[in-house]
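S.K.: below is the sequence, then the predicted model.
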Amino acid sequence: MKDERLLEMQVFKAVAEHGGFTAAAHALDASQPFVSRTMNSLEKRLGVALLRRSTRQVSLTEEGKIFLASCSKIIGDIEQAEGQISSTSATASGDLRITAATSFGMDQVVPLLPEFLELYPNVKLRLSLSDNLVDIIGSGVDVAIRMGHLQDSMLLARKLCHLQRIIVAAPAYIEKHGLPQVPEDLLRHNCLQWEAPMDHLNNWPFIVDGRRTSLEIHGNFRFSGGMSSVEMVLAGVGITRMAEHFALPAIRRGRLVPLLAQYQAQDETAIYAVYAKERHVHPRVRAFVNFLVDKFADPPWTR
């Protein structure tokens, strides 16, 4: 009897990570009816609903979140096993062009690169840090490290870890302006804002009375790069919603204070290694992606 479980996991993972059946179908080079049938069959076999469906999007149920974590690990283990076998017949070498957002790149990626170069001395890294969305195919980038929701259907992606943002302020700001007690209090505070095209992040999500809602924030400082918001919030200029890789270490050192934690909404986003869809992934690309997956399996900022 043919075992379709791995295929079902791959389809479910694509639906979860791309936010819908049509986007998943594009990413898998499959038809939307095939994706829909596969998901219906999977949920029927498991006896639980993995997805909440609406006319605009799908979201994960609690069972879906648990199953997605298991699927990601299983699929990742298979890809890593194949990569290890592939490495016996080909050596990672040559130029490897990688890109990442400036803040995450400087804070989390650059510190890992010396170890990677020591493991693979025949690889020559070419690093570009930019807060603009880089065209991987057009610019010749081998691997892009991306945060949030993925859009490119012609690319492959490996999830590195969950992405969560939390609301924080410096002790000096709180001492001067007080603590917001409920989300609506933020309308009376100075909140740091993203410029376009990242201005969708100016709508901060909350859970209020068991329901997910959002609040559009305002303030006197707008930024296009995450590093500038970090410096401004540390200086006590205002309140920001910051990725955990910056926020948690600063909170542990007493430089930032988490706000409105009881209303915090879970982000349904992640950090990915993204690369071009090719029949045979080059050993240097596979080696770097596997390296990142291993390093972020237990994110350093959560330890």
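M.R.: Sure, I can see it. Numbering: from 1, shown residues only.
S.K.: give me the longest helix you can find in the chain.
M.R.: Looking only at the chain and at elements set by DSSP state H, the helix with the highest residue count is helix 62-86.
S.K.: what's it in contact with?
M.R.: Applying CB atoms under 8 Å, 6 or more residues apart in numbering, the contact partners of helix 62-86 are 6, 9-10, 12-13, 16, 46, 48-51, 60, 158-159, 283, 286-287, 290, 293. From N, CA and C alone the C-beta is placed, and that goes for glycine too.
S.K.: now, those that are in helices?
M.R.: Cross-referencing those against helices under DSSP H gives Leu6, Met9, Gln10, Phe12, Lys13, Ala16, Leu46, Pro283, Arg286, Ala287, Asn290, Val293.
S.K.: now these in TSV, with distance to Leu260 and pLDDT?
M.R.: As requested, the ones in helices among the contacts of helix 62-86 are exported to TSV (distance: CB to CB, whole Å; pLDDT from 0 to 100):
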residue	distance to Leu260	pLDDT
Leu6	41	89
Met9	36	92
Gln10	37	90
Phe12	33	92
Lys13	32	91
Ala16	27	88
Leu46	36	93
Pro283	47	90
Arg286	42	91
Ala287	42	93
Asn290	38	94
Val293	33	94
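S.K.: list only buried entries from those.
M.R.: Met9, Gln10, Phe12, Lys13, Ala16, Pro283, Arg286, Ala287, Asn290, Val293 (16 or more other CB atoms under 10 Å).
S.K.: where's Gln266, which helix or strand?
M.R.: Applying DSSP states H and E as the criterion places Gln266 outside every helix and strand.
S.K.: of the ones in helices among the contacts of helix 62-86, closest to Gly238?
M.R.: Ala16 (34.1 Å; CB to CB).
S.K.: pLDDT at the closest residue in space to the closest one that isn't next to it in sequence, what is it?
M.R.: Counting by CB to CB, 6 or more residues apart in numbering, Ala16 lies nearest to Leu68, which is 5.0 Å off, once chain neighbours are set aside. Confidence per residue is given as pLDDT, and for Leu68 that number is 91.
S.K.: do the same with Arg279
M.R.: Confidence per residue is given as pLDDT, and for Arg279 that number is 52.
S.K.: what about the residue lying closest to His200 once chain neighbours are set aside, how many residues close to it?
M.R.: Spatially, and ignoring its direct neighbours in sequence, His200 is nearest to Trp194 (7.9 Å; CB to CB, 6+ apart). Neighbour count for Trp194, taken as other CB atoms under 10 Å: 20.
S.K.: which parts of the chain are helices?
M.R.: Under DSSP H, the chain gives helices at 5-18, 21-28, 32-46, 62-86, 102-104, 113-119, 136-139, 171-177, 226-234, 244-252, 283-296.
S.K.: closest one to Leu96 among those helices?
M.R.: Proximity to Leu96, assessed across the helices of the chain by CB to CB, is greatest for helix 283-296 (4.8 Å).
S.K.: ok so, going back, so the residue nearest to His200 is in contact with Trp204, correct?
M.R.: No: taking contact to mean CB atoms under 8 Å, the distance of 11.1 Å between Trp194 and Trp204 leaves them out of contact.
S.K.: contact partners for the residue lying closest to Pro183 once chain neighbours are set aside?
M.R.: Residue nearest to Pro183 in three dimensions, not counting chain neighbours: Phe206, with 4.7 Å by CB to CB, 6+ apart. Counting by CB under 8 Å, 6+ apart, Phe206 touches Pro183, Arg212, Thr213, Ser214, Leu215, Leu260, Tyr263, Gln264, Ala265.
S.K.: closest to Phe21 among these?
M.R.: Top of the list for closeness to Phe21, among the contacts of Phe206 and by CB to CB, is Arg212 at 21.5 Å.
S.K.: hang on, that closest one packs against Gln266?
M.R.: No: using CB under 8 Å, Arg212 makes no contact with Gln266, being 9.2 Å away.
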